[in-house]
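*Asks:* coords please:
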Amino acid sequence: LHKLAKVVAGLGRIPEDRKSWLQFPGIGPYTSAAITSIAFGEVEAVVDGNVVRILARILGEEREFSAAAQAVKAFESPAMYFLNQAEPGDHNQAMMELGATVCLPKKPMCLLCPVNSFCRGSRMGAPELLPNILRKGMQKVVVDRALVMGDEGVVLFRHPQDSSRLAGLYEFPELSLFSEEPEKLHAMRKRAIGNHSMEERFYRLNLSNGKLPEGCSWMSKEKLEEITLSGPHRSWLHEWLED
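*Replies:* Numbers count the residues shown, from 1 in each chain. This is a model prediction of the structure:
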């Protein structure tokens with residue numbers, strides 16, 4: 001977002017068309033359509049998981065998609081067909097809201113749905129089975145992390161800016177970065193990222209020589225609110241700081 005903001009600021013004006021927005025860092029088909037339709041009234045339909053789910057159920061589309069990206073591509077044309085061209089921004093926001101609050105992945109609230117009378121999936125009796133996207137099996141990942149806390153704050157690791165994932169983001173460092181033996185298991189936490197089910201084990205660690213591995217640094221309590229810290233790690237860290 002920061003890189004994008006600097007690029008746009010450098011232009012001296014804010015582009016209003018989707019083609020221009022697609023040239024910016026971090027902007028893809030969905031974001032470009034959302035920005036230009038909502039902010040500038042450009043006739044562009046947003047297509048994400050919510051929109052795919054709504055259209056698949058309305059149309060009764062039962063074919064199997066090998067991945068979510070394939071389903072998004074398949075529903076781009078229907079999304080444009082149904083788009084309210086007079087109010088594209090309002091239409092797109094309504095689709096987002098409908099998918100997030102009513103046309104839910106599980107237990108959709110069909111009786112409350114404003115388009116239920118048009119929905120083939122509802123008439124078929126099992127709308128929750130649509131869209132038919134082949135789900136990848138969850139892969140379990142176990143990560144051991146070091147919990148180093150002291151008067152200076154807490155030791156965190158920052159991912160390099162050129163990382164393919166989590167670029168520039170702070171997290172607790174992995175235990176393998178340190179040569180010291182851990183004292184004890186402090187906590188175990190679980191979270192999911194995509195199709196990965198992660199179990200993270202946090203070990204208390206005392207530094208023998210005070211030297212930190214590359215990429216690691218002490219972070220004071222005051223600085224914690226200024227950095228971009230992984231959401232779950234921020235929540236867990238606040239919990240442990242209060243102990």
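
*Asks:* which stretches of this protein form helices?
*Replies:* Secondary structure of the chain by DSSP state H: the helices cover 2-11, 18-21, 29-40, 49-59, 68-74, 76-82, 88-101, 120-124, 221-224, 231-241.

*Asks:* my read: residue 99 touches residue 55, true?
*Replies:* No - the pair residue 99 and residue 55 fails to qualify as a contact (CB atoms under 8 Å) at a distance of 9.7 Å. Backbone N, C-alpha and C define where each C-beta goes, glycine included.

*Asks:* quick one: the nearest residue to residue 217 once chain neighbours are set aside and residue 168, what's the gap?
*Replies:* Nearest residue to residue 217, sequence neighbours excluded (CB to CB, 6 or more residues apart in numbering): residue 156, at 6.6 Å. Going from residue 156 to residue 168 by CB to CB, to the nearest Å gives 12 Å.

*Asks:* between residue 99 and residue 55, tell me which one has more neighbours.
*Replies:* Ranked by neighbour count (other CB atoms under 10 Å), residue 99 and residue 55 place residue 55 first, with 25 against 21.

*Asks:* list the contacts for that one?
*Replies:* For residue 55, the contacting residues are 61, 75, 78-79, 82, by CB atoms under 8 Å, 6 or more residues apart in numbering.

*Asks:* ok, now how distant is the nearest residue to residue 178 once chain neighbours are set aside from residue 186?
*Replies:* Nearest non-adjacent residue to residue 178, counting by CB to CB, 6+ apart: residue 146, 5.5 Å away. Using CB to CB, residue 146 is found at 10 Å from residue 186.

*Asks:* give me the common contacts of these two.
*Replies:* If you check residue 146 and residue 186 against CB under 8 Å, 6+ apart, the residues they both contact are 202-203.

*Asks:* out of these two, which sits in the busier spot?
*Replies:* Using other CB under 10 Å, the more surrounded residue of residue 146 and residue 186 is residue 146, with 23 against 17.

*Asks:* rewinding a little: which of residue 156 and residue 168 has more residues huddled nearby?
*Replies:* Per other CB under 10 Å, whichever of residue 156 and residue 168 has more neighbours is residue 156, with 23 against 14.

*Asks:* just checking, the more buried one touches residue 216?
*Replies:* Yes - here residue 156 reaches residue 216: they are 6.9 Å apart, a contact under CB under 8 Å.

*Asks:* touching both of these two, which residues are there?
*Replies:* The overlap between the contact sets of residue 156 and residue 216 (CB under 8 Å, 6+ apart) consists of residue 173.

*Asks:* low-confidence regions, this protein specifically.
*Replies:* Applying pLDDT under 70 to the chain flags residues 194, 243.

*Asks:* same thing but at 80, please
*Replies:* Within the chain, the segments meeting pLDDT under 80 span 135-138, 163-167, 192-196, 209-210, 242-243.

*Asks:* next, count neighbours for residue 132.
*Replies:* For residue 132, the count of nearby residues is 13 (other CB under 10 Å).

*Asks:* list the buried residues for stretch 235-243?
*Replies:* 236-237 (16 or more other CB atoms under 10 Å).

*Asks:* same question for stretch 152-164.
*Replies:* With burial defined by 16+ other CB under 10 Å, the residues of stretch 152-164 counted as buried are 153-159.

*Asks:* what's the closest of the residues you listed to residue 200?
*Replies:* Distance to residue 200, by CB to CB, is smallest for residue 157 among the buried residues of stretch 152-164, at 13.2 Å.

*Asks:* before we move on, back to that, redo the buried residues of stretch 152-164 as a markdown table? Include distance to residue 27.
*Replies:* Output for the buried residues of stretch 152-164, formatted as a markdown table (distance: CB to CB, whole Å):
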| residue | distance to residue 27 |
| --- | --- |
| 153 | 35 |
| 154 | 34 |
| 155 | 34 |
| 156 | 29 |
| 157 | 28 |
| 158 | 24 |
| 159 | 21 |
